[in-house]
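[1] Structure of the sequence below:
(2 chains)
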Amino acid sequence: MFAYIVRRMLQSVIVLLVVGLVAFSMFRFVGDPIDNMLGQERTQADIDRLRTELGLDQPIPVQYYKFLKEAVQGNFGVSYRQGRPVSTIIAERAPATLELAFVSGFLAITMGIALGVFTAIRRQGVAANIIMTVSLIGVSLPTFLIGILLIYIFSVELDLLPSFGRGETVMIGNWSTGFLTTSGLKALILPAITLGLYQMTLIMRLVRSEMLEVLRADYVRFARARGLSDRVINFRHALKNTMVPVITITGLQLGSIIAFAIITETVFQWPGVGLLFINAIQFVDIPVMAAYLMLISVMFVTINLIVDLLYYAIDPRLRVDARAT
Amino acid sequence: MIWIISITMTVKIGLPFRGTVLTKNGETIMNLKNLMIAASATALMAGAASAETLRWARAGDALTLDPHSQNEGPSHTIRHQMYEPLIIRDVTGAFEPALATEWGPKADDPNVWVFKLREGVKFHDGADFNAEDVVFSFERAKQPNSDMKELIGSITEVRAVDDYTVEIVTDGPNPILPSNLTNLFILDKGWAEANDTVNVQDFEGGEITYATTNANGTGPYVLQSREPDVKTVMVRNDNYWGIDQFPMEVTEIVYTPIQNAATRVAAMLSGEVNFLQDMPVQDIDRVNGADGLMVKQAPQNRVIFFGMNQGSDDIEADNVDGKNPLADVRVRQAMSMAINRDAIKQVVMRGQSQPAGMIAPPFVNGWTEAMDGESATNLEKAKELMAEAGYPDGFSLRLDCPNDRYINDEAICQAAVGMLGQIGVTVNLDAKPKAQHFPLITDGKTDFYMLGWGVPTYDSEYIFNFLVHGREDDIGTWNGTGYQDDALDSKIKSLASNTDLDARNADIADIWRVVQDEALYIPIHHQVLNWGMADGVGIEVDAEDQPKVKYFTIK
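    The predicted model follows:
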């Protein structure tokens, strides 16, 4: 077990290094940051001075090495666009994204599993068929379209919910939260649905198909033969066994909820790290892009690791294999 | 599988979503919406009788509040509410006294400008404003970290004659000095010293000073709170010197940047915002058609045009070997004649542009209606000129175009491709984000490109310095045409110190004649600026896209 974790950790570090290198070699195709940073009145001397100051005149591997050296000490440099340390900016923005991701992840998992089980058990029912049909919308419509549709219906037409922003926030230490004010909670509803809808339908469809498969398995039939109640069969035996693939997907999807909040955040002007990243791309703000990509890859790698460890907890066969070797 | 999903999702970000969903709805929905908006508007009016809040949105936010860091539009817009320069421009673009009441060149010395300062003005913290603060602010703006230093590069000394008179000394006569001062904000010397912000923040170095996040100006509004990129709140300065002179009806400003165009418009339609800049052209009719909302427009201080590399002997991006077709003035004239500017206005810009015949916005000194009209489309003549120049079958060429900088920039280029095709010039369009496009021009890596130009000084000299003078290290930096003429260059340089305004204007007219006759650039149009506002918000659109809230009326 220990050796397994160490091996996985080493693999993760390599993945991170490669992601960083790929990211750094891509930045040059995004454009030249100097052009955005200096006004139209700048002279060639200004350009040269700034380029040297930022170290952009050096080859990519050197720039990458410098970035890594600073990054391991927790210093991600200074945003070209905002002129403030990237770590401060990300720390400021992270609560917004994490709260949004938490709410939509929670919605996606609870609703996804509940509806998945329901549609599997009552698969001939009218309600189940309606849910399955409607869920197609969640899978097939692009996120920004769902966001715009929701804004159109609930903000412009019905005037019930705000179309942008986070509402009033309250600072608890360094964490700004929107959970404690009415306007903050109202502002959360549309973005959380937009962000979570895709994951919810995905989890629901996955749970349903796994569940249908398990319900046909021999041990379920034997359980019925033994006269166990439907509730015990469905929730104790069947549901637990559908969970292995569901956990993998859910884990990775939680990562995507945070990483790809970009679109939702742009549509709703949600002041999180995703919006920060979009702004950074447009401005060629290399330090912010680099820090964001590294953070996201750290997150994905960590989630993968946790998911692997969870297999151990859920699937006893893996533990047996490990002991045997 | 997960990664595949992830990749498709990131690709979606790049889709140019333009909010068409919002415009494809039927009549009944429109009526329902109008009712809802009318209802909510009445509710709002009833509740907001005492406090008049301007809820203001645009695409971007100020980068910093430090008055001398970052010479950039949205940053200046926010500063203008809290800080003041000596002179500002009113909505028509004319000078208006702010912290200076009178100014003029000194009678016996053309190198000196004298400014009389306004008396009895106080900063937000209660400190008195006087000549010492002006001297301090100018010196601060000349520091190496300042982004304003280029604009006041000609100033060698600023001295206080008495408490309310300053003299500005330049390195030679500078007839248009006041034009360079309209965004040069004055801050309090005592406040800067007390808060350790005597030096301009080192923006690139990531320095944050007290002045980055706080403001203490003499302006009509006082900063209340600010979260960069999220929200900035300002309240009215009831001790403002001009409180009786200007409407000053807005008591509170809530400024929120909203980047996504469709969301921005939705926020206005739903009544969450009552003043909107950066209005997407495709949504203008929709906002105008909504009850309680209107869009006002005015020509913007920005002209859009194409540049051609005529200086090189051969160019890379064409199919003609050993020759540069663009070096022939007849080819350039023919290409200009092939562009149908009215069609671009109607089809691409939905009426939101003013066809241009010269590359100066209409309110710039040196602009003439006659020259701005020299842009007739004439395909027959164009084909003749092409044949005369030796290209009866045309040639092919690459056009570099930005896709996120000007209004409908890529679509304009696409239209131009079709129009140039009619005279045999086959154009391959290469549209890219601005961060990749502009370096091509400044590094001389493009032979045919789109560029837009605004003139902050309202004087042709600014255009000549950057776009007409031959390219050198510190002049002609945006002239990607390769055009250079020594006689013309020295004429351009002499404008800077020519105090005889009539002779100077005659020189400007001569230089324009050359630019027009040489067909140095292909002018396309002047952009039109649109501001959306709710009924009750009263303001005229200003050509610089710099709303100054003290002029606003609000009911």
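
[2] Pull up the residues of the stretch 151-300 of chain A that are close to chain B.
    Residues of the stretch 151-300 of chain A lying close to chain B by Cβ under 8 Å from any Cβ of the partner chain are A:151-152, A:155-159, A:162-166, A:249, A:252-253, A:256, A:259-260, A:262-263, A:266-269, A:271, A:275-276, A:278-279, A:282-284. From N, CA and C alone the C-beta is placed, and that goes for glycine too.

[3] Taking those, please make a ChimeraX selection of just the buried ones.
    Applying 16 or more other Cβ atoms under 10 Å in any protein chain shown to those, the buried members can be selected in ChimeraX as follows:
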select /A:151,152,155,156,157,159,162,163,164,165,166,249,252,253,256,259,260,262,263,266,267,268,269,271,275,276,278,279,282,283,284
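
[4] out of the residues of the stretch 151-300 of chain A next to chain B, which are inside helices?
    Assigned to helices by DSSP state H, the following of these qualify: A:249, A:252-253, A:256, A:259, A:262-263, A:266-267, A:275-276, A:278-279, A:282-283.

[5] which one of those is nearest residue A:91?
    If you rank these by distance to residue A:91 using Cβ to Cβ, residue A:276 comes first, at 11.3 Å.

[6] Number of residues surrounding the closest residue to that closest one other than its chain neighbours?
    Taking Cβ to Cβ, 6 or more residues apart in numbering or on different chains, and ignoring the residues beside it in sequence, residue A:276 has residue A:93 as its nearest neighbour in space, at 5.2 Å. Other residues within reach of residue A:93 by the criterion other Cβ atoms under 10 Å in any protein chain shown amount to 23.

[7] And residue B:146, how far from chain A?
    Look at residue B:146 and chain A: by Cβ to the nearest Cβ, to the nearest Å, they are 12 Å apart.

[8] give the contact list for that residue.
    By Cβ atoms under 8 Å, 6 or more residues apart in numbering or on different chains, the contact set of residue B:146 is B:68, B:69, B:140, B:200.

[9] want to throw the residues you listed into CSV with pLDDT and neighbour count?
    Output for the contacts of residue B:146, formatted as CSV (pLDDT from 0 to 100; neighbours: other Cβ atoms under 10 Å in any protein chain shown):
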residue, pLDDT, neighbour count
B:68, 94, 26
B:69, 88, 26
B:140, 95, 24
B:200, 92, 25
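
[10] which of those residues lies closest to chain A?
    Proximity of the contacts of residue B:146 to chain A, judged by Cβ to the nearest Cβ, is greatest for residue B:69, which lies at 7.5 Å.

[11] Surely that closest one forms part of a helix?
    No. Counting by DSSP: H, G, I helix; E, B strand; the rest coil, one finds residue B:69 to be coil, located in no helix.

[12] Enumerate the residues of the stretch 151-300 of chain B near chain A.
    Taking Cβ under 8 Å from any Cβ as the criterion, the neighbours of chain A within the stretch 151-300 of chain B are B:151, B:201, B:203-208, B:212, B:227-231, B:256-260, B:262-264, B:266-267, B:269-272.

[13] Look up how far residue A:260 lies from residue A:248.
    Relative to residue A:260, residue A:248 is positioned 18 Å away (criterion: Cβ to Cβ, to the nearest Å).

[14] Quick one: the strands in the stretch 401-550 of chain B, in order.
    Taking DSSP state E, counting those that start in this stretch as the test, the strands found in the stretch 401-550 of chain B are B:425-432, B:448-453, B:521-534, B:537-538.

[15] all helices of the stretch 201-325 of chain A, in order?
    With helices called from DSSP state H, counting those that start in this stretch, the stretch 201-325 of chain A shows them at A:218-225, A:230-231, A:239-259, A:261-267, A:273-283, A:286-314, A:316-324.
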